[in-house]
Structure formats: structure tokens, C-alpha cells
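Student: what follows is a predicted protein model with its sequence.
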Amino acid sequence: MKNDFSFLGLATRGMAMGIAEVIPGVSGGTIAFITGIYAKLINTIKAFGPKLLPVFKKEGIKGVWEAVNGNFLVGLLTGMVAGIVVGVLGVSHLLENYPLLLWSFFFGLIISSAIYIGRQVGKWGAKEVLALILGTIVAYSITVMSPAEGNMSLWFIFIAGSIAISALILPGISGSFILLLMGVYKGIFLHVKKALTTFDPESLTVMLTFSLGCVVGLFTFSRLLSWTFKNYESITLALLTGFMIGSLNKLWPWRNVLSYRENSSGEKVPFLEQSVLPGNFDGDPQVIAVLVLMVIGFISVFAIEKLGNKK
């Protein structure tokens, strides 16, 4: 695979993906799609596997590096790490102090992203419309599900890792939100933190099991997506468009909190929320500011697309 992006360009895209993954309800896959690297990312992940062994024997490390598109991965992962750090520090502050404005920006961003992906569908037929409806229903259902009680059995941790990492590359569905729904978000976070600070054997086992699940899920799901794009591109794009439309409920800025949960720091944070109209919002709805941020988010995608086309 030829690398068509500069390191800075890839790092910038990766940073945006990293920031997105910190926010429950926003998917890094969405950012990858609207910045033009989605298909390349899927195929790069797919390149990892047993087929690399003969490449290594024949061409050595250089051949393997080219086969897995190493330059692309390094640039993207560098940006993602930086994005996660920025997201934890900066976005957490915005979520705490300016939640309506942040959610409204992402709401506008996802609307235009759905339009952008929908425009990539070659021809809208009955199958594409059905896929759109199915994707919308599935994503919306996920946003209104009540989080399950935590199950920290190793087999369940493995499955949670497989599903959550799959959501990383699926536009419209947030991996962190999936973990929250499965009831393991807090438990896994605490075990990972404990494993890194105290090297507790039990926590290390949980972290290793979760990581293995992530690896299996990532490689399996990337192959599935690559296959569907190759054989059913229009239907797949329509399904992804539906995922993004359905996820808008989670990004609706005016949401009243029904119940709270305790995060890893012992702080109470929103657990169950209900989308409402501005007039029924518990607090200052900031209607004008919210609408302005929605428009900015909406315009951002098409601005990125225009710049990409010029380049």
C-alpha cells in the first residue's frame, strides 16, 4: 500500500480519532471516515496475520514493514496517543464545564458525516434503504439501553474487549460506550490502572485477557469489514450511514440526567439520561450558542472534504 499522506497529516487525523474515543458516544471510526483514511485503516489492520511469515522469510523486516504499511501506522498511532492525552485533559474539562456546547458541536459533526457517507453510496435501492433503517435501529437501540451489571469473569472480559475494539473502527458506535453498556467500563479501568501502578497479578490477568480480546476482535472485524466493502460496498455504506443517524440520540445536547454512577475516581457522573426539548431541559439551554456550535460542526466535515479534494 502506497502511503499517500504526510506524517503530520496522519498524526493530525490520529489525534482527532484519539480525542473522539475519549468521549462516550463519539467513534474514532467516524473521524477516520470523514478524513479519508477509513478504507486504508481497515486494510492495514487486515494485513496483520499468518501471511506476514512468508513475507518476512523472503523480504525481511523491510518487506513486513511495507506489507503492514508501517509509516501509515506510526503516524496514525502517534497522533492517537497524543489525542487520547489531549482528550483526557482538555475534553474532560469541556465536558465538565461546557457540555451543551461540546455535544452540540459533535451533533452537527455527525449529521454532516452521515450525509457525507450517504453520498458515497453508488445507488440507493431497496437493499440500501433496508440497511440504512437497520443500522439506524441498531445504533439507536444501543443509545437507549440500560447498562448491565458488571460481570468481571475472564471469558466476559475477553468478549467485551472483542466487541469494544470492533466499535473503534465502526462509525457511529463508541467503544467506551459499549463497555459502559456491558457493565465493565469501571472494572476494566480500575484493573488496568492497578496493573500499571502495582503490578497486581489479578489485574495483570484481566488487562491481558482484555488486550487479547481486543486483538482478536480487531483483526476479525477488520477482515469482515474489508470483505463487505469489497462485495457489498453500497449496502455497507448505507448500514454505516444508519449507524451514524441512530447514534445522534446519544449526542443530543439537551439531556436530563435520570441517574448517576461513580467513576474510577469516585466522582458521581451521569449514568442514565433522557433526551428532551430545550424548553424541558434542567438548566440553561443556551439555545443560540448550541445552534451556532451545531452549524460549526456541520460545516467542519464539508470543509475537511473540500480541503481534501483540493489536495
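Tutor: Yep, it's here.
Student: so what's residue 255 up against?
Tutor: Residue 255 sits next to 103, 270, 273, 274, 275, 276 when contact means Cβ atoms under 8 Å, 6 or more residues apart in numbering. C-beta coordinates here come from the backbone N, C-alpha and C atoms, glycine included.
Student: farthest residue from the center of this structure?
Tutor: Relative to the C-alpha centroid of the chain, counting by Cα atoms, centre = their mean, residue 58 is the outermost residue, at 36.4 Å.
Student: got the contact list for residue 207?
Tutor: 191, 192, 195.
Student: quick check: closest non-adjacent residue to the last one.
Tutor: Once flanking residues are discounted, residue 195 sits nearest to residue 203: 3.9 Å by Cβ to Cβ, 6 or more residues apart in numbering.
Student: please apply the same query to residue 275.
Tutor: residue 252 (4.3 Å).
Student: is it true that residue 257 lies in a strand?
Tutor: Yes - assigned with DSSP: H, G, I helix; E, B strand; the rest coil, residue 257 falls within a strand.
Student: hmm, it is touching residue 276, no?
Tutor: No - using Cβ atoms under 8 Å, residue 257 is not in contact with residue 276, being 10.9 Å away.
Student: that older thread, which of the contacts of residue 207 fall within helices?
Tutor: 191, 192, 195 (DSSP state H).
Student: just curious, which of those residues is nearest to residue 119?
Tutor: residue 192 (39.4 Å; Cβ to Cβ).
Student: ok, now which ones touch the closest one?
Tutor: Contacts of residue 192 (Cβ under 8 Å, 6+ apart): 203, 206, 207, 210.
Student: buried residues, the one helix or strand residue 214 maps to. List them.
Tutor: Residue 214 belongs to helix 201-231 when assigned by DSSP states H and E. Neighbour-count burial for helix 201-231 flags 203-204, 206-207, 209-210, 213-214, 216-219, 221-222, 225-226, 228-229 (criterion: 16 or more other Cβ atoms under 10 Å).
Student: also stretch 67-82?
Tutor: 67, 68, 69, 71, 72, 73, 75, 76, 78, 79, 80, 82.
Student: quick check: closest non-adjacent residue to the last one.
Tutor: Spatial nearest neighbour of residue 82, excluding adjacent residues (Cβ to Cβ, 6+ apart): residue 15 at 5.2 Å.
Student: regarding that neighbour, which helix or strand does it belong to?
Tutor: Going by DSSP H and E, residue 15 is in helix 7-22.
Student: list the buried ones in that helix?
Tutor: 9-22.
Student: looking at those residues, which one is closest to residue 164?
Tutor: residue 21 (10.2 Å).
Student: right, and that closest one touches residue 85 too?
Tutor: No - counting by Cβ under 8 Å, residue 21 sits too far from residue 85 to count as a contact (11.9 Å).
Student: overlap of the contact sets of the two?
Tutor: In contact with both residue 21 and residue 85: no residue, using Cβ under 8 Å, 6+ apart.
Student: now the closest residue to residue 13 other than its chain neighbours. Its backbone dihedrals?
Tutor: Nearest non-adjacent residue to residue 13, counting by Cβ to Cβ, 6+ apart: residue 35, 4.6 Å away. Residue 35 has phi and psi values of phi -100, psi 10 when expressed as degrees, to the nearest 10.
Student: still on that earlier bit, which of the helices or strands spans the residue farthest from the centre of the chain?
Tutor: helix 52-67.
Student: I am finished for the moment; much appreciated.
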